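> missing the sequence, but the structure's below:
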Ligand SMILES: Cc1cc2nc3c(=O)[nH]c(=O)nc-3n(C[C@H](O)[C@H](O)[C@H](O)COP(=O)(O)OP(=O)(O)OC[C@H]3O[C@@H](n4cnc5c(N)ncnc54)[C@H](O)[C@@H]3O)c2cc1C
């Protein structure tokens, strides 16, 4: 990371709301469900599947977590009504995991029952390493009761090969990611090469175990390697898809779609967009250039 990049990253929380909102519009669908459905409609018309996410994490209390559940339930109904190939994806701490694993279990349980009645699925996302054990325990309990639930695994964590071995005995829908949280080097790979290598190995292990892998990455080179493996082993579209983030590397998703691979676009929305947008912008030096210009313009009043 260059010095200018570092300076801009450290000032992201200070950037005025209207500028951040404008820059974020590339990565988030908007603040309302209607706006998210509009984006999903455009993607659907182009042949992309979707993943619907309500922005937010670490709720304060049970009341807030229950309100998040109600919003997800409304989202699931709207997806069904519009006929989108799209599932809902929920962060465990948005359902109160840090306060109470029991609360999180009951809310996912209710959501999954609701989704099942609509013929839909949902995914438990993965957050920082402080929540990994609780999230995997939660998932194992949910999977014992519902077959319409998937999980996320992070290739940067040393523990992931063991976690794969301990997955429930069934075909599991795993979203494989590198991991957005920068974890300590005592428990995780911290360099790009080993994270990537681990990702490839872990996907191969999952396929060998009969699981489904959502390849959630924009790493084109890594995807090429995985696609060679898919072709060589006759792995069908019942065992993989690509998942990508709204606003990130669109030409890549287009090329995968044109080549006949299923691609889902992750569409986040909600009033709590600022933290998410900062994480995305931190990873994109080109966008940070626009941020710098925007901030300078706002300072000189233009
Ligand atoms: C659908 C989806 C769901 C996810 N869910 C989770 C989750 O539950 N838990 C979790 O820990 N992580 C999650 N992630 C994030 C993931 O862990 C990575 O942090 C993220 O995908 C970036 O890694 P990459 O594999 O794309 O590879 P990278 O090596 O980081 O990036 C590959 C290429 O894409 C470019 N790129 C990456 N991000 C951006 C960006 N914001 N703007 C512009 N270019 C960019 C890079 O510059 C590089 O050229 C998810 C990612 C996706 C796609």
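Cool, the structure landed. Keep in mind the model is a prediction, meaning the values are calculated, not measured.

> For this structure, just list every one of the helices.
3-11, 17-24, 33-46, 62-82, 101-117, 132-145, 160-165, 192-208, 220-232, 250-258, 274-282, 285-299 (DSSP state H).

> could those helices go into JSON lines alongside distance to residue 177, mean neighbour count and mean pLDDT?
(Each C-beta comes from the backbone N, C-alpha and C, glycine too.) Output for those, formatted as JSON lines (distance: least, Cβ to Cβ, whole Å; neighbours: other Cβ atoms under 10 Å; pLDDT from 0 to 100):
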{"stretch": "helix 3-11", "distance to residue 177": "21", "mean neighbour count": "13", "mean pLDDT": "72"}
{"stretch": "helix 17-24", "distance to residue 177": "21", "mean neighbour count": "16", "mean pLDDT": "78"}
{"stretch": "helix 33-46", "distance to residue 177": "20", "mean neighbour count": "17", "mean pLDDT": "98"}
{"stretch": "helix 62-82", "distance to residue 177": "21", "mean neighbour count": "16", "mean pLDDT": "98"}
{"stretch": "helix 101-117", "distance to residue 177": "19", "mean neighbour count": "19", "mean pLDDT": "98"}
{"stretch": "helix 132-145", "distance to residue 177": "13", "mean neighbour count": "17", "mean pLDDT": "98"}
{"stretch": "helix 160-165", "distance to residue 177": "10", "mean neighbour count": "16", "mean pLDDT": "98"}
{"stretch": "helix 192-208", "distance to residue 177": "8", "mean neighbour count": "17", "mean pLDDT": "98"}
{"stretch": "helix 220-232", "distance to residue 177": "12", "mean neighbour count": "14", "mean pLDDT": "98"}
{"stretch": "helix 250-258", "distance to residue 177": "16", "mean neighbour count": "15", "mean pLDDT": "97"}
{"stretch": "helix 274-282", "distance to residue 177": "13", "mean neighbour count": "18", "mean pLDDT": "72"}
{"stretch": "helix 285-299", "distance to residue 177": "21", "mean neighbour count": "14", "mean pLDDT": "60"}
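
> quick one: which of these is nearest the ligand?
Between the ligand and these, the shortest separation by Cβ to the nearest ligand atom is 4.1 Å, and it involves helix 274-282.

> thinking again about what came up before, could you redo the helices of the chain as TSV and give each row distance to residue 178?
Below are the helices of the chain laid out as TSV (distance: least, Cβ to Cβ, whole Å):
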stretch	distance to residue 178
helix 3-11	19
helix 17-24	22
helix 33-46	23
helix 62-82	26
helix 101-117	24
helix 132-145	15
helix 160-165	11
helix 192-208	5
helix 220-232	9
helix 250-258	15
helix 274-282	13
helix 285-299	18
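
> and of those, who's closest to residue 126?
helix 132-145 (5.9 Å; Cβ to Cβ).

> Write out the residues of this structure neighbouring the ligand.
Residues of the chain that fall close to the ligand, judged by Cβ under 6 Å from any ligand atom: 51, 125-126, 152, 154, 175, 177-181, 216-219, 243-245, 248-249, 266, 280, 283-284.

> Repeat the analysis, applying 5 Å as the threshold.
125-126, 152, 177-180, 216-219, 243, 245, 248, 266, 280, 283-284 (Cβ under 5 Å from any ligand atom).

> Buried ones from the residues you listed, can you make that a PyMOL selection?
Here is the PyMOL command that selects the buried residues among the residues of the chain next to the ligand (16 or more other Cβ atoms under 10 Å):
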select buried, resi 125+126+152+177+178+179+216+217+219+243+245+248+266+280+284
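
> Chain neighbours aside, what residue packs nearest to residue 39?
Spatial nearest neighbour of residue 39, chain neighbours left out: residue 29 (4.2 Å); criterion: Cβ to Cβ, 6 or more residues apart in numbering.

> isn't residue 114 right up against residue 70?
No - look at residue 114 against residue 70 with Cβ atoms under 8 Å: they stay out of range, at 10.2 Å.

> show me what contacts the residue nearest to residue 188 when sequence neighbours are not counted?
Computed as Cβ to Cβ, 6+ apart, the closest residue to residue 188 that is not its neighbour in sequence is residue 156, at 4.6 Å. By Cβ atoms under 8 Å, 6 or more residues apart in numbering, residue 156 lies in contact with 178-179, 183, 188-190, 195, 198.
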